[in-house]
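Participant: please find the sequence and the predicted model below.
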Amino acid sequence: MVEVKFGDDLPEQIEFENENGVLTSQMIKYEWRPIKCDECGGVGHDGEACRMKKEEVQKERKKLKIKKVWVVKATVPHKVQTAKTSQEAQMGMQEGEVTCGVIDHLLNPLNIEIAAKVIEVNDMTKEKNVSDGQMENGNERAPQGLNSPWKHFHLRKFIQSQNVGLFGYLETRVKTGNFAKVYPRICPNWSIVTSYSAFPGGRIWLVWSPSCFTVDVRMLTEQMIYGVMNHKASGVQFCLSMVYGHNDKEKRSELWNDLIKCSRDVMNTQWVVMGDFNNILNLNERIGQPVLFSEIERFRNCVDSCGLGDAKMTGPFYTWSNKQQEDDYVTTKIDRVLVNGQWELCYPYTEAAFLLEGCYDHCPCIVKIHKELNKRAKPLDSSICGVILKGF
């Protein structure tokens, strides 16, 4: 084993003395190298996706916009009137047909209120929308999460490049009142169900192409959206639970209980559970902080009770890090894809491919169903794949 200081460049070769006392040089080949940022020195993203760099650029742009000009003082007194302006954020929602509990075009049989909220702004309004960016000490804060326009473009590009028909997005940071403004810029012709009715921040978005899928939602909570997915082209039907576990372990107990309820509803159907559980399952799934068995006990009991197991995964093992350096660095595996026995029987060559973080907060995951055990083989149908995306 060769130890390398965190932050140092990985060596291309090492020199050592062999058993005969001869100094030997050995080239090193890496199966995978972590991405290192040239701007901040952090790991898991490159310079283009560096948050620190973007914040500095935005500050510089604001400075450039400020321009002071000397003007001649008017000798004739005059009055300046400030005209009141109003801005309405409206989105025309076309009501789709709902049959047999199928959700289409933002209609929800669970009475989820995701209609557009009209916001009127004038010079007398003192309310501030945090999701659009707020004033801090006189400076406007950059938009957070999916409220940023450049992130709309990046997300659209990512979904198109992966050719998927269904995906889950966690921790969007888009408030209820801003949803009608943000969502049409990302997937204007796609259907969506959100968790706004269970939590004002809308922690989970489940989005799908109506030409590829119909979705029947069976349960919706703050930490999970569960339903039956029907793939139109192939007729494949399966149950899906898109999960975003709470930071508080006591509240996560509600998620474990809800998953057990789902397992009773699934019966003999294929079931996949995917997302950010905010909980590790095994003792070797965190580096930088000690792991206690009490942390994983409830999650393990839940997984065993539901008859779930990890799908075969590729890519980075640890899916999240705190972006700190050296002794403060913590990395862990809290994102995963779990499947039941029926899924394994029907789709034995399922692959949960975790990608590098890039500009996301966690490693994105793409679930693919292969025809046979061959890494070069194309997926059975790329639109059947599911994607987990977590924050920016």
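Facilitator: Received, thanks. Numbers count the residues shown, from 1 in each chain.

Participant: now the helices for the stretch 151-300 of the chain?
Facilitator: Using DSSP state H, counting those that start in this stretch, the helices of the stretch 151-300 of the chain run over 179-182, 249-266, 293-306.

Participant: neighbouring contacts of the last one?
Facilitator: It refers to helix 293-306. Here helix 293-306 makes contact (CB atoms under 8 Å, 6 or more residues apart in numbering) with 249, 252-253, 256, 259-260, 262-263, 273, 277, 279-283, 309, 338, 340. In this view, the C-beta of every residue, glycine as well, is placed from N, C-alpha and C.

Participant: pull the CA atoms of that helix into CSV?
Facilitator: Extracted C-alpha coordinates of helix 293-306, given in CSV (Å, rounded to 0.1, in the frame of the first residue of the first chain):
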residue,chain,number,x,y,z
PHE,A,293,-23.5,-0.1,14.9
SER,A,294,-26.4,1.8,16.5
GLU,A,295,-26.3,4.1,13.4
ILE,A,296,-27.0,1.3,10.9
GLU,A,297,-29.2,-1.0,13.0
ARG,A,298,-32.6,0.4,12.2
PHE,A,299,-31.8,0.8,8.5
ARG,A,300,-30.5,-2.8,8.3
ASN,A,301,-33.7,-4.1,10.0
CYS,A,302,-35.8,-2.2,7.5
VAL,A,303,-33.9,-3.6,4.5
ASP,A,304,-34.1,-7.1,5.9
SER,A,305,-37.9,-6.8,6.6
CYS,A,306,-38.5,-5.5,3.1
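
Participant: quick one: name whatever helix or strand follows it.
Facilitator: strand 308-310 (DSSP states H and E).

Participant: what residues sit buried inside that following strand?
Facilitator: For strand 308-310, a neighbour-count test (16 or more other CB atoms under 10 Å) marks residue 308 as buried.

Participant: I'd like the helices of the stretch 151-300 of the chain as JSON lines, with mean neighbour count and distance to residue 160 appended.
Facilitator: Listed next are the helices of the stretch 151-300 of the chain as JSON lines, based on neighbours: other CB atoms under 10 Å; distance: least, CB to CB, whole Å:
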{"stretch": "helix 179-182", "mean neighbour count": "22", "distance to residue 160": "18"}
{"stretch": "helix 249-266", "mean neighbour count": "16", "distance to residue 160": "31"}
{"stretch": "helix 293-306", "mean neighbour count": "15", "distance to residue 160": "34"}
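
Participant: so which of the ones you listed comes closest to residue 44?
Facilitator: Among the helices of the stretch 151-300 of the chain, the nearest to residue 44 by CB to CB is helix 293-306 (23.3 Å).

Participant: quick one: residue 148 and residue 259, what's the gap?
Facilitator: As for residue 148, its distance to residue 259 is 33 Å (criterion: CB to CB, to the nearest Å).

Participant: ignore what I typed, I meant residue 334.
Facilitator: When distance is defined by CB to CB, residue 334 is 16 Å away from residue 259.

Participant: do the same with residue 157
Facilitator: Residue 157 is 33 Å from residue 259, by CB to CB.

Participant: cool, and residue 356?
Facilitator: From residue 356 over to residue 259 (counting by CB to CB), the distance is 29 Å.

Participant: what does residue 331 give?
Facilitator: Distance from residue 331 to residue 259, by CB to CB: 25 Å.

Participant: likewise residue 222?
Facilitator: 14 Å.

Participant: one more: residue 244?
Facilitator: Applying CB to CB, the value for residue 244 to residue 259 is 13 Å.

Participant: show the contacting residues for the residue nearest to residue 186 when sequence neighbours are not counted.
Facilitator: Closest residue in space to residue 186, ignoring its immediate chain neighbours: residue 152 at 5.2 Å, by CB to CB, 6 or more residues apart in numbering. When contacts are counted by CB under 8 Å, 6+ apart, residue 152 touches 146, 182, 185, 186.

Participant: how many residues are close by the first one?
Facilitator: Other residues near residue 146 number 27, with proximity taken as other CB atoms under 10 Å.

Participant: contacting residues around it?
Facilitator: Contacts of residue 146 (CB under 8 Å, 6+ apart): 152, 155, 169, 172, 173, 174, 182, 186, 392.

Participant: any buried residues in stretch 323-343, and which?
Facilitator: Buried, per 16+ other CB under 10 Å, within stretch 323-343: 323, 329, 331-340, 342-343.

Participant: in TSV, list those along with distance to residue 56.
Facilitator: Shown next, in TSV, are the buried residues of stretch 323-343 (distance: CB to CB, whole Å):
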residue	distance to residue 56
323	16
329	23
331	26
332	29
333	32
334	30
335	29
336	35
337	37
338	40
339	43
340	48
342	51
343	46
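
Participant: just the ones in strands from these, please.
Facilitator: 331, 332, 335, 336, 337, 338, 339, 340 (DSSP state E).

Participant: farthest-apart pair in those, please.
Facilitator: Largest pairwise distance in these, by CB to CB, is 28.5 Å, between 331 and 340.

Participant: list residues touching both of residue 244 and residue 259?
Facilitator: The contact sets of residue 244 and residue 259 overlap at residue 224 (CB under 8 Å, 6+ apart).

Participant: show me where the stretch 101-250 of the chain has its strands.
Facilitator: 102-103, 135-136, 139-140, 166-170, 191-194, 204-208, 213-220, 224-231, 237-244 (DSSP state E, counting those that start in this stretch).

Participant: where does the stretch 1-150 of the chain have low pLDDT?
Facilitator: Low-confidence segments of the stretch 1-150 of the chain (pLDDT under 70): 1-2, 6-7, 31, 53-55, 57-142.

Participant: domains of this structure?
Facilitator: 13-56, 102-390 (automatic domain parsing).

Participant: quick one, which of the ones you listed is nearest to residue 5?
Facilitator: Of all the domains of the chain, domain 102-390 comes closest under CB to CB, at 7.9 Å.
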